[in-house]
Structures are given as structure tokens and as C-alpha cells.
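Enquirer: sharing a model that was predicted from the sequence below.
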2 protein chains.
Amino acid sequence: MSGNVSTPGASVVSRVLAVLYAFDNGHRRLGVTDLARRADLPVPTVHRLLRELVAGEALTRDAEGRYAIGRRLWDVGMLAPEQTELQQVASPFLSDIHAATRATVHLAVRDGREVLYLDRLSGRASVPVVSRAGSRLPLHATGVGKVLLAHAPAELRDDYLAAELRRPTVHTIIHPERLRRQLAAVRREGYATTEDEMTLGACSIAVPILRRASADGVPEVAAALGIVVPTLKRERTRLLAALQVAARGIGRSLP
Amino acid sequence: MSGNVSTPGASVVSRVLAVLYAFDNGHRRLGVTDLARRADLPVPTVHRLLRELVAGEALTRDAEGRYAIGRRLWDVGMLAPEQTELQQVASPFLSDIHAATRATVHLAVRDGREVLYLDRLSGRASVPVVSRAGSRLPLHATGVGKVLLAHAPAELRDDYLAAELRRPTVHTIIHPERLRRQLAAVRREGYATTEDEMTLGACSIAVPILRRASADGVPEVAAALGIVVPTLKRERTRLLAALQVAARGIGRSLP
DNA sequence: AGCTCGCCTTTCACTCAGTGAAAGGACACT
DNA sequence: AGTGTCCTTTCACTGAGTGAAAGGCGAGCT
């Protein structure tokens, strides 16, 4: 007995996706064996798929023989309507905030239990920031994350608070009740802040972007807008005002 | 005789890519039949592939049953190292230019015979601009395009000039010899300009970003940096200075 | 109603594209 | 020479993928 002993539920399409999804932010360039391990597929199978993907310009192969996501796939990704429409509408407003504050500006949405960053304008390099467009961070440790969590469906919020919370720094709030009270305050006050909770030396302030209600009913939180600064001590009021003006502007421009 | 009569050279991988590549900027949401037509595949085949791609979260399906690029693929695309590394390094410099000029700022590379826009910061809405990150435009009709064409391999340049040139506006320069002289000037002066050549009412000015030579030899043009403004009449010198400072900064920061 | 057109979906017999264990190379380090 | 790691190729087997044909569904027209 030899030949094909393929595991059930393994179509070529799912294998291709497994290979593509094997790349992540810390692993942008991978060899055949690594990819096979990460995608949980036999090496020769991955090898063949990679050859075809490179031929189709979906992946590139560098001088050391390692594979990476290629230009064509980058292109294709830029066509994702849900991410890019919001990003495009928000772009000039992000620039305005950036010009007014010189801080790092973030546009983010909630994707399940994570913040997904859609766009970022870097500020002065003095503030350490880990995010980039496409990266994901925990909801409870960032300004935009707290805004999105505060306005998430109550069920998901309870669920999230019930689980063990990650703790990127010693200042990260992981006590469920304390976090719950903070989220209530975020809803009440209309903005969220963090101090050293994701990265030491970085504070943030963030507001929701409201999409006007479709027919009747309440407006929906479509995204969050935030900035990262070295300290919130002095400028809190001015920064908040800039964010709120922009958030209102973006909300009004949404389809 | 019935059953499979599949055309040669049609692997599942190539079919999947054909489906993905069937999306473009003007066609972000497509139905099964349209996709089949655009990918040149039988409808049932496309239907099956789409189901698997949606199951794998690569595509989404909206209320009207139309398909679009999904969040996961957007994510994956953001991992393309060649596009995002440059974009990330350039980002703060783009912000600087934007702050200094309030104009639309572009970062672009050459992809074959087209300009590929990696990033854009929108300026005041008064200037019409068609580009966005991920879009492609003809090399000879934009500022960044002329810079990239001027520094492209001589062979490609000759080839490009020999072909029929598209003419987005009546001001687009399509006369080969006139364009050739302009490109020589771009190399000599270190910058390119356009006036109403891509879009009426939009002028642009652009400079090359030089990657310092790997060991010896001459530096290589890695990308182009440009801005779009309503008119170049007055500010040309100031705008050019801002661009050159930024381009030098980006070049120095490149790996 | 009845008819037509366009689009989406399902079926199903056929078969070839895809499979992966095994073997063969190419390095690097010991 | 010996061992480990990674990349690549081979090849007999077979079930995953195929696509013509048929079945639905809804919109528009007479």
C-alpha cells in the first residue's frame, strides 16, 4: 500500500490558504521546511504549491531561497473593500490630527477579540509604538482597543473579561472588575486612555467613530481613532478635541 | 465521451489565483458569473472555488451574494516585505512633507511598465487625485512615474517609448522624442514635474529615493516621492526642497 | 399569466491532477 | 568520513477536482 494517503478535509484550496496563512508579522520570509511545519503539510506538497504560487506571482523567492508574500497578493489585499473604504475616508482626517498634534495616529477596528490596525501615521520617533497597519493587539491594552471593547456587544465583553487577560506591561489592567468600570467610564465620557499599558513610555487617548444609523435606531461604532504620546499630563483636552473633531468628520463621510 | 475535458496548464493553484486576480480597483465586488468570465473559467468551477475561499476567510460574501476580498487576505497582503518595509520607513517622512506642504503626497515604485503607488496622504480636497495605495498608473503621465521611467534600465525605456502611449488628458506628453528629452532633463535636474498630464487641474513634482550602493557602484533608485498640487507657479522651489530633504532621509534609513 | 433572459446552484460519471513516502543532492558544521 | 538540515525530484496510485447538463430563482417584458 502506497501513494495517496491524504488526510480528509484537505482540498487544494485549503492547502494554499494554509501556506499563505503560515506567514505572519514575525515570519515574513520562510523556507520550504518552515512553511510545511507551520502549515502542517508534507514538505513536497508545500514545495509544489510554492512553485506554482511563485509562478503566479503571488509569492516571491529571495536570493537565499526563502519565500515571501509578493506584490500581486499585496495588490489584491488592497482591494478588500471593508478595510480600504474606511481607511480612505479617514485618511485626510488622520493627516489633520497628525498635523495638529505631531503624535502617532491610529485607525483601528475590532476583529473578534483583537484590535486590527487599519492605518497608522508615525509621530516623532521618541514614542515607542509597536503597531502597524495590519497588526493585531489585545483589546484591553490599547486606547483604541478599550474604545472598541467598551462598545462591543455586551456578550462578547463579558466573555472577554471572563478569560485570562494578557499583560504586555506591569501597568496593563487585567483585573476584570477594574477593567469593567473603566469601560463603563469610556462609554460615559466618550473616550479612553492608557498609560504605559501596552508599551512603557507610551500613553494613548482614543475616541469612537460613529456610523450614522442606517434607517432608525442608534448609531453604530464603526471604528476607533487614537493617538499615542509620551505623556497625557498637559494636553489631554486639546488632544481630545482634535480627535473628536476628526472622528465626527469621518463619521459624517462614511457611506 | 464526457466528464473532464480540462484545458492544459490549468492547475487548481492557477485557477485560484485567476479568481483572485479577477478583482480590480473598479471591480471589488463581483458575482459568480462575472468572476468566471473575468477569470476565464467555467462557472461551476469558480462557484466551488469561491465556496472554499469564503470558508477559508480569504473572501467575503455580502448580502447581495457578491464576493469581495476579505480581511484575511488583506492581512496577508500587508506582510509583503518589499512593499511594506519601504512604506514603513517612508511613513514619517511622508507626514513631514504633508505637514510642510498640505499637499497630496505619494510614495511609488516601478512595477514593470506601470507606477505602483505604495502610499498616499491626501491633501486638501480641492485637487483631484485618482491614485490610491495599490493603484497603478502609466509611467509617462505622473511625476513619480517620470522619475521612475527616467531611471529605469535604458532598454525598458526605449521599449516603453516605442509603444503607443496612453493619453489620459490632452496635456499628456505622448510624443516619444519630446518625452525622451524630458526624461533626460529629469536625470539631469534630479526631479520631474507634470502639469495637467494625468488629471486636469493637478500638477505634480517628484524626486527619486536613492538606496545607497550595496558594496561599491552607483546608488540605485528604489522608489519615487512626489506631491500633487493645484499649481506649481509659485512654490516650486520650496516644494522641491521639502521633497529632497525627505527623499534623502528615506534613502539613508533604507536597509 | 406565460415567456424569456440572466444568474446562481447542484448533480454526477469520468479521469487526470495532485499526492506524499522514499530517495537523491547540496551544503554546513564536527 | 560522518551527521544533521534543508531543498528537490521521482513515481505509482487514486480520489479530488472537473464541467456539461439540468434544475431553480427572480426580474423584466408582453
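Expert: Looks like it came in fine.

Enquirer: do stretch A:111-118 and chain B meet?
Expert: Yes - Stretch A:111-118 is in contact with chain B by CB under 8 Å from any CB of the partner chain, via A:111, A:116. C-beta here means a position set from N, CA and C on the backbone, and glycine is covered the same way.

Enquirer: so how far is the helix or strand encompassing A:Gln87 from its chain's centroid?
Expert: Using DSSP states H and E, A:Gln87 sits in helix A:81-101. Averaging C-alpha positions (CA atoms, centre = their mean, to the nearest Å) puts helix A:81-101 15 Å from its chain's average.

Enquirer: and A:Glu155, how many residues sit next to it?
Expert: A:Glu155 is flanked by 8 other residues according to other CB atoms under 10 Å in any protein chain shown.

Enquirer: pLDDT score assigned to it?
Expert: A:Glu155 carries a pLDDT value of 95.

Enquirer: returning to that earlier point: following the chain onward from the helix holding A:Gln87, which element is next?
Expert: By DSSP H and E, the next helix or strand past helix A:81-101 is strand A:104-111.

Enquirer: who does the very next helix or strand once past that following strand touch, helix- and strand-wise?
Expert: Note on strand A:104-111: by DSSP H and E, the next helix or strand toward the C-terminus is strand A:114-121. Packing contacts for strand A:114-121, counted by 3 or more CB pairs under 8 Å, 6 or more residues apart in numbering or on different chains; DSSP states H and E, involve helix A:81-101, strand A:104-111, strand A:136-138, helix A:143-150, helix B:81-101.

Enquirer: turn the ones you listed into TSV, columns for mean pLDDT and mean neighbour count.
Expert: Output for the helices and strands packed on strand A:114-121, formatted as TSV (pLDDT from 0 to 100; neighbours: other CB atoms under 10 Å in any protein chain shown):
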stretch	mean pLDDT	mean neighbour count
helix A:81-101	89	20
strand A:104-111	94	24
strand A:136-138	93	19
helix A:143-150	98	28
helix B:81-101	89	20
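
Enquirer: between those, which one is nearest to B:Gly226?
Expert: Of all the helices and strands packed on strand A:114-121, the one in closest proximity to B:Gly226, counting by CB to CB, is helix B:81-101 (9.6 Å).

Enquirer: quick one, that closest one and helix A:81-101 angle?
Expert: Put simply, helix B:81-101 runs at 40 degrees to helix A:81-101, going by axes from the mean of the first three to the mean of the last three CA atoms, to 10 degrees.

Enquirer: return the backbone torsion pair for A:Ala80.
Expert: phi -60, psi 110 (degrees, to the nearest 10).

Enquirer: er, A:Glu64 I mean
Expert: phi -80, psi 10.

Enquirer: before we move on, what about A:Ala68?
Expert: According to degrees, to the nearest 10, A:Ala68 has phi -150, psi 160.

Enquirer: that one contacts A:Arg28, doesn't it?
Expert: Yes - with contact defined as CB atoms under 8 Å, A:Ala68 reaches A:Arg28; the gap is 5.6 Å.

Enquirer: which neighbours do those two have in common?
Expert: Common contacts of A:Ala68 and A:Arg28 (CB atoms under 8 Å, 6 or more residues apart in numbering or on different chains): B:79, B:81.

Enquirer: pLDDT on stretch A:198-208, on average?
Expert: Per-residue pLDDT values over stretch A:198-208 give a mean of 94.

Enquirer: would it count as contacting chain B?
Expert: No - residues of stretch A:198-208 contacting chain B under CB under 8 Å from any CB: none, with a closest distance of 15.9 Å.

Enquirer: got the buried residues for that stretch?
Expert: The neighbour-count check on stretch A:198-208 (16 or more other CB atoms under 10 Å in any protein chain shown) flags A:198-199, A:202-208 as buried.

Enquirer: next one: the helix or strand hosting A:Val221 to chain centre, how far?
Expert: Counting by DSSP H and E, the element that carries A:Val221 is strand A:220-229. Relative to its parent chain, strand A:220-229 has a centroid offset of 12 Å by CA atoms, centre = their mean.

Enquirer: strand partners of that strand, parallel vs antiparallel please.
Expert: Using DSSP bridges, strand A:220-229 pairs in its sheet with strand A:104-111 (antiparallel), strand A:203-211 (antiparallel).

Enquirer: for those strands, give me a markdown table that also has distance to A:Asp158.
Expert: Below are those laid out as a markdown table (distance: least, CB to CB, whole Å):
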| stretch | distance to A:Asp158 |
| --- | --- |
| strand A:104-111 | 15 |
| strand A:203-211 | 20 |
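
Enquirer: do you know which of those lies nearest DNA strand D?
Expert: strand A:203-211 (26.9 Å; CB to the nearest atom of the strand).

Enquirer: now the angle from the closest one to helix A:143-150?
Expert: Using the same axes, to 10 degrees: strand A:203-211 against helix A:143-150 is 50 degrees.

Enquirer: contacts for strand A:203-211?
Expert: Applying CB under 8 Å, 6+ apart, the external contacts of strand A:203-211 come out as A:90, A:106, A:142-144, A:146-148, A:151, A:190-196, A:198, A:219-232, A:236, A:239-240, A:243-244, A:247, A:250-251, A:254.

Enquirer: show me the beta-bridge partners of A:Leu225.
Expert: Beta-bridge partners, per DSSP bridges, of A:Leu225: A:Leu107, A:Val207.

Enquirer: show me what contacts it?
Expert: Counted by CB under 8 Å, 6+ apart, A:Leu225 has contacts A:90, A:93-94, A:97, A:105-107, A:144, A:206-209, A:243, A:246-247, A:250.

Enquirer: and the residue in chain A that chain B sits nearest to, how many neighbours does it have?
Expert: Chain B sits closest to A:Gly77 of chain A, with a gap of 2.1 Å, by CB to the nearest CB. Residue neighbour count, defined by other CB under 10 Å, stands at 27 for A:Gly77.

Enquirer: that one and B:Gly77 touch, don't they?
Expert: Yes - using CB under 8 Å, A:Gly77 is in contact with B:Gly77, at 2.1 Å.

Enquirer: mind checking how far A:Val144 is from A:Ala222?
Expert: Using CB to CB, to the nearest Å, A:Val144 is found at 12 Å from A:Ala222.

Enquirer: pLDDT at the residue most central in space within chain A, what is it?
Expert: The centroid of chain A falls nearest to A:Leu116 when counting by CA atoms, centre = their mean (1.7 Å). Looking at A:Leu116, its pLDDT stands at 94.

Enquirer: how far does stretch A:204-212 sit from the chain's center?
Expert: Here the centre of stretch A:204-212 is set off from its chain's centre by 15 Å, with CA atoms, centre = their mean.

Enquirer: show me the contacts for A:Ala55.
Expert: Here A:Ala55 is in contact with B:Ser14 (CB under 8 Å, 6+ apart).
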